[in-house]
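Novice: Need a 3D model of the sequence below.
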Amino acid sequence: MSVDQAAKREIPDATVARLPGYLRALGQLTAQDVLSVSSEELAHSAGVSSAKLRKDLSHLGSYGVRGVGYDVAHLTYQISRALGLTHDWPVLIVGMGNLGRALASYGGFATKGFKVVALLDRDPTLVGQQLDDLRVQPMTELESLVTPGEACIGVIATPAGSAQEVADRLVAAGVSSILNFAATAIQVPEGVHMRKVDLSTELQILAFHEQQRSGGMTDDLLEGAG
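Specialist: A predicted model of the protein is given here:
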């Protein structure tokens, strides 16, 4: 199988969702100068079962060598290629409030295959401000920043009330992948990929687990007292 054929291999969505975790674990191994890793060790680092990891990696055409495991550098490349991270993806961030500024200043983008190329806001008091090596531009410049036919990712970090309008503008400009941090659901046309990052939802899930853990401890104490 050629590299191009392997790159186009059909990968289940559930597997795709776990690949970044494997890549993160491999990055830690690389930093420790580890050259090979067993499926059990990598699965433990990624927080999954070794059987699930082996099945996920088989979708990439990667099979560990018995007694040796996986070559860390090669597996890192395979996963990076599958995720489309072997070249930099341009990212536009819309909304220069506290969250937008934090995202713009995040140094991890550059090492993960993403390059923030533009910052936008409609607030005239923010337009023109310099953040690192980028200047905040007005929303009127959006269309000129998107090159027709070239893939780029739009990040929405605006208040909820502005999110749908911003999404519409991004789609109209030719952006086909959107990451939404706004605390609201937005609608996009078929063919546009949209993912939502809801911090409050994640906190609520953590609160549920904390409640379950605390409730379990309380039940244990009551049973002990009886």
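Novice: Report the buried residues of the lengthiest strand in the chain.
Specialist: Determined from DSSP state E, the single longest strand within the chain is strand 114-121. Neighbour-count burial for strand 114-121, counted by 16 or more other CB atoms under 10 Å, picks out Phe114, Val116, Val117, Ala118, Leu119, Leu120, Asp121. All C-beta atoms are positioned from the backbone trio N, CA, C, and that covers glycine.
Novice: same check, this time on stretch 35-45
Specialist: Neighbour-count burial for stretch 35-45 [16+ other CB under 10 Å]: Ser36, Val37, Ser39, Glu41, Leu42, Ala43, Ser45.
Novice: any idea which of these is closest to Gly21?
Specialist: Ser45 (8.6 Å; CB to CB).
Novice: How about residues contacting the longest strand of the chain?
Specialist: For strand 114-121, the external contacting residues (CB atoms under 8 Å, 6 or more residues apart in numbering) are 88-96, 100, 103-104, 109, 127, 131, 134-139, 141-142, 145, 152-153.
Novice: where do the strands sit along this structure?
Specialist: Assigned by DSSP E, the strands in the chain fall at 36-37, 70-71, 89-94, 114-121, 130-131, 134-138, 153-156, 177-180, 193-196.
Novice: Deepest-packed of those strands, please.
Specialist: Across the strands of the chain, averaging neighbours per residue (mean count of other CB atoms under 10 Å) puts strand 153-156 on top, at a mean of 25.
Novice: And Asp4, what's its pLDDT?
Specialist: What the model reports for Asp4 is a pLDDT of 39.
Novice: So this structure: which segments form each domain?
Specialist: As assigned by the TED database, the chain contains the domains 13-82, 89-201.
Novice: Could you dump these into TSV with mean pLDDT and distance to Gln211 added?
Specialist: Shown next, in TSV, are the domains of the chain (pLDDT from 0 to 100; distance: least, CB to CB, whole Å):
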stretch	mean pLDDT	distance to Gln211
domain 13-82	90	22
domain 89-201	91	16
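Novice: Switch these over to a markdown table; also include distance to Phe208.
Specialist: Shown next, in a markdown table, are the domains of the chain (distance: least, CB to CB, whole Å):
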| stretch | distance to Phe208 |
| --- | --- |
| domain 13-82 | 18 |
| domain 89-201 | 11 |
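Novice: Show me where this structure has its helices.
Specialist: 3-7, 13-31, 39-46, 50-58, 72-82, 98-105, 108-111, 142-145, 160-173, 199-225 (DSSP state H).
Novice: And the ones you listed: which comes nearest Leu179?
Specialist: Leu179 lies closest to helix 98-105 among the helices of the chain, at 9.4 Å (CB to CB).
Novice: quick one: that closest one to chain centroid distance?
Specialist: Its chain's average C-alpha position is 16 Å from that of helix 98-105, according to CA atoms, centre = their mean, to the nearest Å.
Novice: re earlier: just checking: what are the partner strands of the longest strand of the chain?
Specialist: According to DSSP bridges, strand 114-121 has the following sheet partners: strand 89-94 (parallel), strand 134-138 (parallel).
Novice: quick check: angle from it to helix 98-105?
Specialist: Inter-element angle recorded for strand 114-121 and helix 98-105: 140 degrees (by axes from the mean of the first three to the mean of the last three CA atoms, to 10 degrees).
Novice: Off-centre distance for strand 114-121?
Specialist: Relative to the mean C-alpha coordinate of its chain, strand 114-121 is positioned 16 Å out (CA atoms, centre = their mean).
Novice: and of the strands paired with strand 114-121, who's closest to Pro159?
Specialist: Comparing these by CB to CB, strand 89-94 comes nearest, at 11.3 Å.
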